[in-house]
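# Below is the structure, and that's it, no one-letter string:
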Ligand SMILES: Nc1nc2c(c(=O)[nH]1)N[C@H]1C(S)=C(S)[C@@H](COP(=O)(O)O)O[C@H]1N2
Ligand SMILES: [Mo]
């Protein structure tokens, strides 16, 4: 949907639903589906973030599981193929031309090919993914700690958010994106994964690179990542709320 439409819809929903309405948690299996989950009032959201940060320090690790716990089937959700000609070209070349750019408020912007990223020290973690739609799955992810990339580009002191841009767009041409605090990029389990269950990430799960930010919900786990842009504010990026689903009313701080 076009940004103006998203805004109109948000305004409509605010009036129609009110803050106390109960709406079933559903909705991100299909980006074209209109199901909504009312946005918590901004103030309440900040309170949630403050409380969670106080109870679980920023560096606390998400639970890691054993090999035996890995789900036999890990569902694919949301967009399962960017479907553009450009992306199909990358698939045909086995992602040999895929680049990850890190730009914005950094001392030394740079980009890496997928092959160069795979040469960096990797981390493997077996974690549980929770989608607001009501399913969970345990998977084994291998990838590069985002903190290692940050140490190379050196964020400037005013860089507060890391915005992950993705290669997929919805039916109305709106691009998927997500954002997290720059500080959370240094959490040891924040990785850009290129393997799921010891195999190269496949197209439905976000090939060739997807974010794993383990202490937050499924929609924060951006797939098909092409660029990380550091910014001081989320205003002016997408719909201004920090992510594709946040622009439609979901919480930015999706702690679990
Ligand atoms: N680029 C992109 N990232 C995305 C989505 C998407 O549609 N596009 N869907 C999100 C949602 S709602 C979930 S639950 C997970 C699903 O990841 P999976 O397909 O590997 O299960 O990806 C998230 N990241
Ligand atoms: Mo999801």
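Thanks, I have it. All of these numbers come straight from a predicted model, not from anything done at the bench. Residues are numbered from 1 along each chain as shown. Ligands and ions are numbered 1, 2, ... in the order given.
# So residue 87 sits against residue 223, correct?
No. The criterion here is CB atoms under 8 Å, and residue 87 misses it with residue 223 at 11.3 Å. Yep, even glycine has a C-beta here, placed from its N, CA and C like the rest.
# Neighbour count for the two, which is higher?
Just comparing residue 87 and residue 223: by other CB atoms under 10 Å the higher neighbour count belongs to residue 223, 27 against 19.
# Please name the residues that touch the more buried one.
When contacts are counted by CB atoms under 8 Å, 6 or more residues apart in numbering, residue 223 touches 78, 79, 166, 168, 176, 205, 206, 210, 211.
# Nearest to ligand 2 among these?
residue 78 (6.1 Å; CB to the ion).
# Residue 63 versus the closest one, what's the distance?
24 Å (CB to CB, to the nearest Å).
# how deep is residue 66 tucked in, by neighbour count?
Residue 66, neighbours per other CB under 10 Å, totals 8.
# for residue 70, that is, sorry about that
16.
# right, and it touches residue 138 too?
Yes. Contact status for residue 70 versus residue 138: in contact at 5.5 Å, counting by CB under 8 Å.
# Not counting its neighbours along the chain, what's nearest whichever residue of the stretch 151-256 of the chain sits closest to ligand 2?
Of all residues in the stretch 151-256 of the chain, residue 218 sits closest to ligand 2, at 3.4 Å by CB to the ion. Spatially, and ignoring its direct neighbours in sequence, residue 218 is nearest to residue 131 (3.7 Å; CB to CB, 6 or more residues apart in numbering).
# Run through the bridge partners of that neighbour.
residue 135 (DSSP bridges).
# and it, what does it touch?
Residue 131 neighbours (CB under 8 Å, 6+ apart): 28, 75, 77, 217, 218, 219.
# In JSON lines, list those residues along with secondary structure.
Listed next are these as JSON lines, based on DSSP: H, G, I helix; E, B strand; the rest coil:
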{"residue": "28", "secondary structure": "coil"}
{"residue": "75", "secondary structure": "coil"}
{"residue": "77", "secondary structure": "coil"}
{"residue": "217", "secondary structure": "coil"}
{"residue": "218", "secondary structure": "helix"}
{"residue": "219", "secondary structure": "helix"}
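# what helix or strand does residue 111 sit in?
In this assignment (DSSP states H and E), residue 111 forms part of strand 110-113.
# Relative to that strand, what are the paired strands and their orientations?
strand 99-104 (antiparallel).
# Mind checking if the partner strand is in reach of ligand 1?
No. Remark: strand 99-104 sits outside contact range of ligand 1, by CB under 6 Å from any ligand atom, the gap being at least 13.9 Å.
# Flag every buried residue along that strand.
100, 101, 102, 103, 104 (16 or more other CB atoms under 10 Å).
# Name the nearest of those relative to ligand 2.
Checking the buried residues of strand 99-104 against ligand 2 with CB to the ion, the nearest one is residue 100 at 22.8 Å.
# Distance-wise, check residue 118 relative to residue 98.
Counting by CB to CB, the gap from residue 118 to residue 98 is 11 Å.
# the more surrounded of those two?
Counted by other CB under 10 Å, residue 118 and residue 98 do not tie: residue 98 has more neighbours, with 23 against 16.
# Based on its surroundings, how many neighbours for residue 81?
Neighbours of residue 81 under the rule other CB under 10 Å: 14.
# and it, what is it in contact with?
For residue 81, the contacting residues are 87, 168, 203, 204, by CB under 8 Å, 6+ apart.
# quick one: secondary structure of it?
Quick answer, by three-state DSSP: residue 81 is coil.
# Kindly provide the distance from it to residue 203.
Distance, residue 81 to residue 203, using CB to CB: 5 Å.
# One more: residue 61?
Taking CB to CB, one finds residue 61 at 29 Å from residue 203.
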